[in-house]
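Trainee: prediction below, plus the sequence it came from.
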Amino acid sequence: MRASLLLLLSGCSAALVAPAGPGDPPGPADARVVVRRPRDRNPHRAYAVYDGMELKGFVFSGSAMEFLCAPGPHLFLLVGSSDAAVQGELEAGKTYVLRAGAEPRFLRLRLLLEPWPDEDEELEELPVFERDPEASEAFLIDQWDRISERLAWYAGDGQVECAELRKEQGR
């Protein structure tokens with residue numbers, strides 16, 4: 001019910017996400033990534049979260065998502081009305097927290113994605129959602145070219161625009 005309400009507010013016509021509980025801690029061969037989005041200036045828009053070309057899920061104002069991935073180098077991309085990226089090398093057995101948000105910039109909102117190394121009680125209590133793979137397939141297909149282009153830019157000339165996630169920022 002809560003997911004449907006959030007999707008209705010965000011303007012999404014399909015249930016792209018479903019409620020989920022907090023994930024398991026990472027095992028010895030995995031790293032865990034948690035993306036938290038506190039309540040912000042753009043409450044009616046969902047932001048898509050990618051690990052490279054893989055759509056991992058969506059965050060809404062006042063929500064979180066999490067996933068396991070292989071250790072090693074990663075480029076995470078946040079996509080909405082604009083985009084933002086974080087690059088870094090993840091270590092096995094650790095959890096990395098990213099904060100998604102937006103700030104006003106020249107009459108539009110600029111998305112932010114940044115490491116969040118500090119514990120924050122407010123962010124810790126955000127409801128967690130997971131992507132519904134079937135419902136989000138159309139979104140994935142529709143955004144494929146844009147994501148490919150933006151990832152190539154962030155991997156090349158746009159590297160200077162990426163926030164850096166360091167191994168020691170894992171918990």
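Mentor: Good, I have the coordinates. Numbering: from 1, shown residues only.
Trainee: and Leu55, what does it touch?
Mentor: 48-49, 131, 136, 139-140, 143 (Cβ atoms under 8 Å, 6 or more residues apart in numbering). To be clear about C-beta, it is placed using only N, CA and C from the backbone, and glycine gets the same treatment.
Trainee: please disregard the earlier target; I meant Ala31.
Mentor: 68-71, 90-96, 170.
Trainee: could you rerun that using 10 Å?
Mentor: 67-72, 74, 89-96, 167, 170 (Cβ atoms under 10 Å, 6 or more residues apart in numbering).
Trainee: do Val35 as well
Mentor: 47, 49, 56-59, 63-67, 76, 78, 86, 96-100, 113, 116, 128.
Trainee: just Ala152 next, same as before
Mentor: Gly158.
Trainee: and it, that's in a helix?
Mentor: Yes: checked against DSSP: H, G, I helix; E, B strand; the rest coil, Ala152 lies within a helix.
Trainee: list the buried ones in stretch 157-171?
Mentor: Buried residues in stretch 157-171, counting neighbours by 16 or more other Cβ atoms under 10 Å, are found at 162-163, 165, 169-170.
Trainee: what's the answer for stretch 137-146, then?
Mentor: 139-140, 143.
Trainee: nearest to Pro28, of those?
Mentor: Closest approach between those and Pro28, by Cβ to Cβ: Leu140, at 30.6 Å.
Trainee: name the SS class of the closest one, please.
Mentor: helix.
Trainee: now it: closest residue in space that isn't a chain neighbour?
Mentor: Take Leu140 and drop its neighbours on the chain: the residue closest to it by Cβ to Cβ, 6 or more residues apart in numbering is Leu55, 5.0 Å away.
Trainee: which residues does Gln169 contact?
Mentor: Gln169 touches 88, 90-91, 94-98, 115-117, counting by Cβ under 10 Å, 6+ apart.
Trainee: ChimeraX command to pick out the buried ones of those?
Mentor: Per 16+ other Cβ under 10 Å, the buried members of these correspond to this ChimeraX selection:
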select :88,90,91,94,95,96,97,98,115,116
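Trainee: looking at the contacts of Gln169, which are in helices?
Mentor: Assignment to helices by DSSP state H places none of the contacts of Gln169 there.
Trainee: center of this protein - which residue?
Mentor: Val49 (3.6 Å; Cα atoms, centre = their mean).
Trainee: show me what contacts that residue?
Mentor: By Cβ under 10 Å, 6+ apart, the neighbours of Val49 are 33, 35, 37, 55-59, 65-67, 76-79, 98, 100, 113, 131.
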